[in-house]
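Undergrad: the following block contains a protein sequence and its predicted model.
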Amino acid sequence: MKSLIFVFALLFSSQLAFAQEAESRPATQSIFVELGGAGLPYSFNYDFRFNKTKVDSWGMRVGFGGYAVDQSSFFSLPVMVNKLLGKGPHYFEVGFGATFFTFDNSNSDYCIDGTYDPNTGIYTCTTYESSDYNFILDVDSSPSLMGTLNFGYRRVPVDGGFTWKININPIFNNNGFWPLYAGVGFGYAF
């Protein structure tokens, strides 16, 4: 009986030690919503550190964003490698990556030639021209890829909780470079 109590006490104490170790682990993961930034108009993201014991280390984020309004739709998938520099809870964030996106802008087609029927009062378009899609930079076609950089501030509470970030995200593709794109994000670190 004493040995059974000893085994339960040993298991219970090891569980407490494990729980304390897990509680003292830094917040190396986060989920957040970002307006602007690498997801382009907005995105929902998951960010994690490769080293689970250090917040100020290399990590990665993956997200998705999009919308469907009238006859237009947009979907983005940002993937970025990043590094946090500093001491908690204040970090400087640098990163680079790419955002895959696809779009359908059917309602951006416009009529350049047509005929009007005075009996019915209906104008029938015979020739359409499609406007090119652009998101700050011109985009050749859908699907497409946009390169992204990241320079900014991220606040990550030492024990986890509400986290936020503000950053400059230069974007580029084969049609140019735009250095002044920005983003702001809010979420939860754990």
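TA: Received, thanks. Numbering: from 1, shown residues only.
Undergrad: contact partners of stretch 37-45?
TA: Residues outside stretch 37-45 that contact it (Cβ atoms under 8 Å, 6 or more residues apart in numbering): 31-36, 61-65, 67, 74, 76, 78, 80, 97, 99, 101, 135, 146, 148, 150, 167, 169, 171, 182-185, 187. The way it works is simple: take the backbone N, C-alpha and C, and place the C-beta from them, glycine included.
Undergrad: just the ones of these in helices?
TA: When DSSP state H is applied, those are split such that none fall in helices.
Undergrad: among those residues, name the buried ones.
TA: Of all the contacts of stretch 37-45 considered here, the ones buried according to neighbour count by 16 or more other Cβ atoms under 10 Å are 32-34, 36, 61, 63, 65, 74, 76, 78, 80, 97, 99, 101, 135, 146, 148, 150, 167, 169, 171, 183, 185, 187.
Undergrad: and for F44, the neighbour number?
TA: By the criterion of other Cβ atoms under 10 Å, F44 has 14 neighbours.
Undergrad: gap between it and G37?
TA: Between F44 and G37 the distance is 11 Å, computed by Cβ to Cβ, to the nearest Å.
Undergrad: now swap in I122 and tell me
TA: 45 Å.
Undergrad: so the two - more neighbours on which side?
TA: G37 (32 against 10).
Undergrad: lowest-pLDDT helix or strand in the protein?
TA: Every helix and strand in the chain was compared by mean pLDDT, DSSP states H and E; the lowest is helix 2-24, with a mean of 47.
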